[in-house]
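1. Any chance you can model this:
(chains A and B)
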Amino acid sequence: MWSGILLALAVYALFGLVPAVANTVVSFTDYALYPGAPVNFTGFSNYTSMLTSERPGFMQALVATVVFVTAVTVAQNIIALAVAHRLVRDTRSNSFLRVLVFLPIVLGVTIVGLVWILIFEPGQGPAASLWGLFGAKSSFFGSDTLAFPLVIGVQVWQNIGFSAFVFLGGLNAISPEIYQAAEIDGVSRWRRLSKITFPLLAPAVTVNVLLAVVGSFTVYNLIYVLTQGQHGTMTLGILSFNAAFTDSNLGYGAALGTVLFVFTLIVALPLMMFLRHRESRLLS
Amino acid sequence: MTTTSLRPASRPATTQKRRQASPLRRLRFWARLVTGLLIAVVFLGPVLYVVMISFETPSHFLTHPMTPPSSADLSNFSQAWTQADLARELINTVIYSVVAAGVSTVLALLIAFPLARKLVRGHRALYTLLVIGLFLPLAYIPLFIEARMLNLYNNMPGYIILHIEPGLPLAVVLLYAFILAIPKELDEAAWVDGTGYLTYLFRVIVPLTRPALLIGFLYAMLQVWNDIIGPVVLLAGTSANLFPISRGIFYFYGLNESLYVVFAAAITIASLPLVIIFAGTQRQLIRAAVAGSLKG
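-> Sure, this is the predicted structure:
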């Protein structure tokens, strides 16, 4: 029994806990990507240099991250709520559509990213032909104006399924008797939606908003596949990744990662308290 | 009895309602049809496009990509298969994901059972520690340094070992809840009979916790299968023989335009196993992914 416990704990500590804590430790060093390079403790210099011209890009990345998180959270929740509302009835076509909405999550970031790269392929892709109808031309993921909105769109497309299923769970939890009672009382469809459905969905909204915020704050694998952070898509997550594995500066990358983690907490914790408060207000 | 007597009564009511179809009702029908089709096109369309062009010849694709090919041309698939060494990468991916997810699930069982049964001191603290794991960010920078120190960088056993942890906390939480629901008397009876600890765990507890094991396993497997940062960071760019398929399909990325059809074929090949697994385990897989996402 003990050997099993210790083995599981060892794996968890070594590859889960230690890296999470060690990230901060690495951020105080000048650890380089290539083996053999000397490692020095550099104090807070990785952090102070973020704001200097020595390492440009931090402020833009911060702004891009805020835009990205806001846009993704709002779009993902509104669309997912609409989709869940449309698919809540248990018909055969609806259960098929639910599976479709979930498909991008199963296919994963790489395949999803590459599929959209082919759709927005500037030469032969269908988006280019559609653009061509209006006499327009764009390099899409290679365009400084379009790349960022497109990356936001793909992130939303990929993750709608999660939010929709959480909303579906919330909608199914509302007892049908409430609706029957409202229908008998002659409450209009729209008022039923705004006065019954939406308030009772508060717990699902809490989960979904936090999910979208935390998920989009830390995302970099999708951006890595789509643009590598070029053309205005450099959020903090991909900046940290690039600093570490492209510019081979693990220390600075770790510092950016730590800053990202702290920002996520600063936004997510008060947001969570606000949403919980909102729940108790709406449900009481 | 009640349901059968209710049905005939309710059916005429609904047909009556349908007969007096108001314009509003008809509008609602069309709205549902249009929104349903919209969802189907938005979520299936892009994938179908890639599948379609994977059957087009390069010349067909370069002249009119949007017209479906008149005959299915399989040469893209064979070209993708041989040129990017997809067979080897598919085997690598299966080894990585099945072994890592399998070990992860077994380890989760080995720790979830004694904790749920309160067999060790500090079981509550240990469980909390594992729950924290749901919220830890995946720190690739220290993981990379560790991998190099422990000689796990750029080799197959290392890549598997480094991928055991991501699925572990979720599997522990799922199994813990399941084991709590199994009556303790069952353990005691077995131990009176002299059944060994591991025998009991695998003969009795495993069949009883199968849903949780399956969900934990599927989640862990999906994590490894779809990982793209792992192969970029933990494998050297030159060790193509170690690549999983998620890294392998990048072989055609950014190549000549006439090779896009081969690229599409490679993407189709890479997604096919996922679609098959998804088709077979829809319900569990969705539950696994939703449960996993809540760990964000």
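
2. Looking at the chain, which helix is longest?
-> You didn't say which chain, so I picked chain A. What stands out as the longest helix in chain A, according to DSSP state H, is helix A:250-283.

3. Sorry, I should have been clearer: chain B.
-> Identified as the longest helix of chain B according to DSSP H is helix B:260-293.

4. What about contact with chain A: does it have any residue there?
-> Yes. Using Cβ under 8 Å from any Cβ of the partner chain, we find that helix B:260-293 touches chain A at B:260, B:263-264, B:267, B:270-271, B:274-275, B:277-278, B:282, B:285-286, B:289-290, B:293. Any C-beta I mention is one placed from the backbone N, CA and C, and that applies to glycine too.

5. Can you tell me which residue sits nearest the middle of chain B?
-> Central residue of chain B (Cα atoms, centre = their mean): B:Leu222, 3.1 Å from the mean position.

6. can you give me how far the helix or strand that contains that one is from the chain middle?
-> Here B:Leu222 sits within helix B:210-225, counting by DSSP states H and E. In this view, helix B:210-225 has its centroid 7 Å away from the chain centroid, taken as Cα atoms, centre = their mean, to the nearest Å.

7. pLDDT of the helix or strand just after it, averaged?
-> Downstream of helix B:210-225, the next assigned helix or strand under DSSP H and E is helix B:229-234. Helix B:229-234 carries an average pLDDT of 92.

8. try stretch A:204-214
-> 91.

9. returning to what we had before: for PyMOL, write a command that selects the buried ones of the residues of helix B:260-293 next to chain A.
-> Entered in PyMOL, the line below selects the buried ones among those, by 16 or more other Cβ atoms under 10 Å in any protein chain shown:
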select buried, chain B and resi 260+263+264+267+270+271+274+277+278+285+286+289+290+293
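
10. Where is pLDDT lowest across the residues of helix B:260-293 next to chain A?
-> Lowest pLDDT among those: B:Ser293, 67.

11. Mind checking which residue lies nearest the centre of chain A?
-> Note: chain A centre (Cα atoms, centre = their mean) maps to A:Ser216, 2.3 Å.

12. what's the pLDDT at the nearest residue to it once chain neighbours are set aside?
-> Distances taken as Cβ to Cβ, 6 or more residues apart in numbering or on different chains place A:Val72 nearest to A:Ser216, at 4.1 Å, with adjacent residues excluded. Looking at A:Val72, its pLDDT is 97.

13. so how far is B:Ser22 from A:Tyr34?
-> With distances taken as Cβ to Cβ, to the nearest Å, A:Tyr34 is found 73 Å from B:Ser22.

14. ignore the last one, A:Leu236
-> Relative to B:Ser22, and taking Cβ to Cβ, A:Leu236 is found at 54 Å.

15. out of these two, which sits in the more crowded spot?
-> Neighbour count, other Cβ atoms under 10 Å in any protein chain shown: between A:Leu236 and B:Ser22, A:Leu236 has more, with 25 against 9.

16. wait, doesn't the more buried one sit right on A:Thr65?
-> Yes. Using Cβ atoms under 8 Å, A:Leu236 is in contact with A:Thr65, at 4.7 Å.

17. shared neighbours of the two, anything?
-> A:217, A:260, A:263 (Cβ atoms under 8 Å, 6 or more residues apart in numbering or on different chains).

18. just for the stretch 1-150 of chain B, where's the confidence low?
-> Flagging of the stretch 1-150 of chain B using pLDDT under 70 yields the residue ranges B:1-21.

19. Pick out the residue of it closest to chain A.
-> Residue nearest to chain A within the stretch 1-150 of chain B: B:Leu110 (3.2 Å; Cβ to the nearest Cβ).

20. Relative to B:Leu126, how far out is that residue?
-> 13 Å.

21. One more: A:Leu269?
-> 25 Å.

22. So these two - more neighbours on which side?
-> B:Leu126 (19 against 11).

23. The more buried one is in contact with B:Ala116, isn't it?
-> No. Using Cβ under 8 Å as the test, B:Leu126 is too far from B:Ala116 to be in contact (11.0 Å).
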